[in-house]
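S.K.: Sequence plus the predicted model coming up.
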Amino acid sequence: MKFPSTLLLTSTLFTCLACTGQNYQENSAPLSNAQSAHVASSNADQIVMKHLSDLNTGQVLAQMPLPASWKINSNPGQNMPETTGPGGIEIRSFAGKTFTYSEDHYTNQMYQQSGQQVRQPAGVETIVKQDLITALEQQGYRYEKMYALPSLARVDKAYSDQLYAYGQQQKSFQVAGAEFTGKDGKKNLLIVRYFETYSMGLYLWGYNMQNLSAPVAVFESAKQTYLYGLENIQYNQATIASYNAKESGKLSSDDAAFQNRMRQNQANFEATQRAHVNSTNAINEAQMGVNRSQSESFNRSNQQVINGIREENTIYNAANGETYQIEGHSDTYWMNANGDVIPSDNSLFDPNIDPNTNATQWVKGQKK
């Protein structure tokens, strides 16, 4: 199965993964009989946990239950399967697309002029019907049927919920399977994993894909086996903890530096920004659409642009932990626990000692 140039084959979900030497073998202990009983394998293979690793670092990212006879290719070339099984079973992964969309028309124009792809969130069913079926039919594939895969959507959400996120975000996940028959007579299951992240009027959304191809005689068995493996993947908690520590540590470091600047110059309220760090390309793509780091970086960098357009400031109130959008561009903003705001350009003004305002406790808001 091939896709247009915008959907080039890449090292993605569970695939740019190799066994990693003496400490981690491709096959680990077999599953229990109860677990294995859930999977129909055409040749009654024993189901074992296979380690999935980052090609660049060798770090184990996850383990996944698959038949012992299925082989993970440690270095797949272009259009080469990342996983193969007996009887002609092949699994490939494809990069999909990522889009931005703002509730503000002028912001969308700005993104389009900068070359970014702007599109209103569409949902996985629309993506399959509008973006994929036509493209594949033009290549000679015959569309058979489509169905939801809610269990995989829950896997995506569960993984995303474990990752450190900056600020408030609304995230949703959808997964669909679409079956095709190729010109060679082989059956194909295209799994489309759709994600959507919303924050402060901005969307980052998109999708990624995996394709299972197999002869008709073994397709149903291979499909059930592969879906079982995807549904029961186990992520390396040490890798997740390391990523989260780095992300939260960067925020703490930024906050400390910000406080130092505040003490040195009370009128200097600079916007704090955090650098985007990928845990690895593979672990991002391993969840096919989580892309949460891209979303965080996207939201933070573009909030300043929106503030400029709307002549607003984003202010953090340490008294109640809330963030507010404040009109105007004053040097200083004093806030209380109720969310009341006093803007001031006078660096000597302190409402806590002013008899007109000292009935409540005021703190200096922090520009984000």
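M.R.: In hand now; what should we look at? Just so we're clear, the structure is a prediction, and the values are computed from it rather than from any experiment.

S.K.: can you list the weak-confidence ranges in the chain?
M.R.: For the chain, the stretches with pLDDT under 70 are 1-44, 76-78, 251-312, 316, 327-329, 367-368.

S.K.: Helices of that one, residue ranges please.
M.R.: Using DSSP state H, the helices assigned to the chain run over residues 33-36, 105-113, 124-126, 133-137, 150-161, 216-231, 237-264, 281-285, 292-310.

S.K.: Would you mind pulling up the elements that the fourth one packs against?
M.R.: With contacts defined as 3 or more CB pairs under 8 Å, 6 or more residues apart in numbering; DSSP states H and E, helix 133-137 has these neighbours: strand 142-148. Where you see a C-beta, it was placed from the backbone N, CA and C, and this is true even at glycine.

S.K.: how about a cut-off of 10 Å?
M.R.: Packed against helix 133-137 by the contact rule (3 or more CB pairs under 10 Å, 6 or more residues apart in numbering; DSSP states H and E) you find strand 142-148, strand 170-181, strand 187-199.

S.K.: out of those strands, deepest packed?
M.R.: Greatest average neighbour count among the helices and strands packed on helix 133-137 goes to strand 187-199 (a mean of 24), per mean count of other CB atoms under 10 Å.

S.K.: in its sheet, what does it sit against?
M.R.: Its sheet considered, strand 187-199 pairs with strand 170-181 (antiparallel), strand 202-214 (antiparallel) by DSSP bridges.

S.K.: among those strands, which is nearest G87?
M.R.: strand 202-214 (7.0 Å; CB to CB).

S.K.: okay, the closest one in PDB with CA atoms only?
M.R.: This file holds the C-alpha atoms of strand 202-214, laid out as PDB (Å, rounded to 0.1, in the frame of the first residue of the first chain):
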ATOM      1  CA  LEU A 202      -6.300  26.900  18.900                       C
ATOM      2  CA  TYR A 203      -6.500  23.400  17.600                       C
ATOM      3  CA  LEU A 204      -3.600  21.100  16.700                       C
ATOM      4  CA  TRP A 205      -5.000  17.900  15.100                       C
ATOM      5  CA  GLY A 206      -4.100  15.200  12.700                       C
ATOM      6  CA  TYR A 207      -3.700  11.500  12.100                       C
ATOM      7  CA  ASN A 208      -1.200   8.700  11.500                       C
ATOM      8  CA  MET A 209      -1.700   5.200  10.100                       C
ATOM      9  CA  GLN A 210      -0.700   1.600  10.100                       C
ATOM     10  CA  ASN A 211      -1.400  -1.100   7.500                       C
ATOM     11  CA  LEU A 212      -1.700  -4.800   8.000                       C
ATOM     12  CA  SER A 213      -1.500  -6.800   4.700                       C
ATOM     13  CA  ALA A 214      -2.100 -10.500   4.400                       C
END
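
S.K.: tell me the angle that strand makes with helix 216-231.
M.R.: Interaxial angle, strand 202-214 versus helix 216-231 (axes from the mean of the first three to the mean of the last three CA atoms, to 10 degrees): 140 degrees.

S.K.: Distance to Q112 for the helices and strands packed on helix 133-137 - can I get that in JSON lines?
M.R.: Output for the helices and strands packed on helix 133-137, formatted as JSON lines (distance: least, CB to CB, whole Å):
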{"stretch": "strand 142-148", "distance to Q112": "30"}
{"stretch": "strand 170-181", "distance to Q112": "24"}
{"stretch": "strand 187-199", "distance to Q112": "19"}
